[in-house]
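J.: can't give you the sequence, but here's the structure:
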């Protein structure tokens, strides 16, 4: 399904709705066990509906922020348990802050003592049942792929790579070996039914004059969805396949547009969030600056030229996390266990505290809160020679957080850069304020679990 152009996996969305229902029910279980008068059930339900909804919204926000709907987490019960414990702890803190600011929504702690453990146990049970269904392919889409060997192999590799196997290729038919049945339009539909396929994906490198259009139309009219390779790949991976990308798909596909109202809303969102972020993080910035100064006596802030919107360079601000002589041998990408990073710098990078001064860049309009990460001019020139679509990123303000940073670690070379560009193109194509909020919420997961830190 799509919400504001962003693809959301239906089974994970359904899992979220079920868990929201569990939280709602457990709130009332905790409340009724301690306080409610069952003789006035309807009155009690209505009287505390706002508190119940607050409990659900806060806990679900904590679930999303800590990555409980990320495929890699959902597929491992050990990871689920750890993240669920952290989410409930974070949710409890958020509830305490919410009820302090809005005392009218207060939930008595003795009610939460029952509601939160009950919610935890029930959610764990649902997660186990979900994995049991996944193991039996009960929640996977069954595909028939019609196309060329290369794209078909890519889809099979994608099936193996994506966690929880959201789809299964149950049959593949290459165009060169497809049966020639000029008077039989139903052969492809019969093949679908024989394989138990629910969808067809057309994965052809070149479609001109090669597709069995009448057979595909017969399937479509019979209610079998037919998808083009790039659309299908984008839907399930959250990225755009650069290797097989053709300009025609970018030109004629939806997306890449944005109205003036959206632009104004995003800028207002950036200014408000950056201002609040600087106020809240001021004590943390002072402590981090003091730690940097005590370690080697060097400057606290690090300034570096980056390429911004429309290719215009600007000076990015960061807390210094590397030695003073980090680039004595010339500029190079960050690497795993980079020896140039100081001891304080490792902590700053892992927690992303080193990025906080970029809130000033956001206020100045040089950056946005969410967008592709800005790259150095020296690297941009090299990258565009190999990846021409890299320049598309410069139509937006670069971001402090981003879809690519959320899904892939720091770029340590051209291959990492290519993968991150695929995620950036997905964001540019499907961007919305909803997706920005989702990225910001999930960035907490990157900070807490240290994903991609180098």
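T.: Great, that's in hand. Note that the structure is predicted; figures quoted are calculated from it, not measured.

J.: From now on I want contacts and neighbour counts done on CA atoms only, so please keep to that.
T.: OK.

J.: contacting residues around stretch 306-324?
T.: Stretch 306-324 has contacts (CA atoms under 8 Å, 6 or more residues apart in numbering) with 289, 292, 298-305, 340-342, 344-346, 348-349, 353-358, 360-361, 366-367, 374-377, 380, 394-398.

J.: what does stretch 212-230 give?
T.: With contact meaning CA under 8 Å, 6+ apart, stretch 212-230 is reached by 151, 184-189, 198-204, 240-241, 245.

J.: now it, how far from the chain's geometric center?
T.: With CA atoms, centre = their mean, to the nearest Å as the basis, stretch 212-230 stands 30 Å off its chain's centre.

J.: Same check on stretch 190-208?
T.: Taking CA atoms, centre = their mean, one finds stretch 190-208 lying 29 Å from the centre of the chain it belongs to.

J.: Give me the mean pLDDT for it.
T.: Stretch 190-208 carries an average pLDDT of 91.

J.: And the helices in the stretch 151-300 of the chain?
T.: Taking DSSP state H, counting those that start in this stretch as the test, the helices found in the stretch 151-300 of the chain are 187-195, 213-221, 229-237, 247-252, 260-296.

J.: How many residues are close by residue 446?
T.: Counted with other CA atoms under 10 Å, residues neighbouring residue 446 total 22.

J.: Equivalent analysis for residue 228, please.
T.: Counted with other CA under 10 Å, the neighbours of residue 228 add up to 13.

J.: on that earlier part again, which stretch among the helices of the stretch 151-300 of the chain comes nearest residue 130?
T.: Closest of the helices of the stretch 151-300 of the chain to residue 130 is helix 229-237, at 18.8 Å (criterion: CA to CA).

J.: hmm, back to that, which ones among the contacts of stretch 306-324 map onto helices?
T.: Counted as lying in helices by DSSP state H, out of these, are 289, 292, 344-346, 348-349, 358, 360-361, 377, 380.

J.: residue ranges with poor pLDDT in the stretch 51-200 of the chain?
T.: Within the stretch 51-200 of the chain, the segments meeting pLDDT under 70 span 106-108, 180-182.

J.: tell me the domain ranges of this structure?
T.: 2-135, 141-237, 260-449 (automatic domain parsing).

J.: For those domains, could you give me TSV that also reports distance to residue 252?
T.: Below are the domains of the chain laid out as TSV (distance: least, CA to CA, whole Å):
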stretch	distance to residue 252
domain 2-135	16
domain 141-237	12
domain 260-449	12
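
J.: Nearest to residue 254, out of those?
T.: The nearest among the domains of the chain, by CA to CA, is domain 260-449 at 7.8 Å.

J.: wait, which of the ones in helices among the contacts of stretch 306-324 is closest to residue 127?
T.: residue 349 (32.4 Å).

J.: Return the per-residue confidence for that closest one.
T.: Residue 349 is assigned 84 on the pLDDT scale.

J.: Next: residue 258.
T.: You'll see residue 258 listed with a pLDDT of 69.

J.: Specify the local secondary structure of residue 146.
T.: strand (DSSP: H, G, I helix; E, B strand; the rest coil).

J.: Find the nearest non-adjacent residue to residue 239, please.
T.: Among residues not flanking residue 239 along the chain, residue 423 sits closest, at 4.4 Å (CA to CA, 6 or more residues apart in numbering).

J.: is it true that the one you found touches residue 238?
T.: Yes. Here residue 423 reaches residue 238: they are 6.5 Å apart, a contact under CA atoms under 8 Å.

J.: between the two, which one's more packed in?
T.: Neighbour comparison, residue 423 and residue 238: the larger count goes to residue 423, with 26 against 21 (by other CA under 10 Å).
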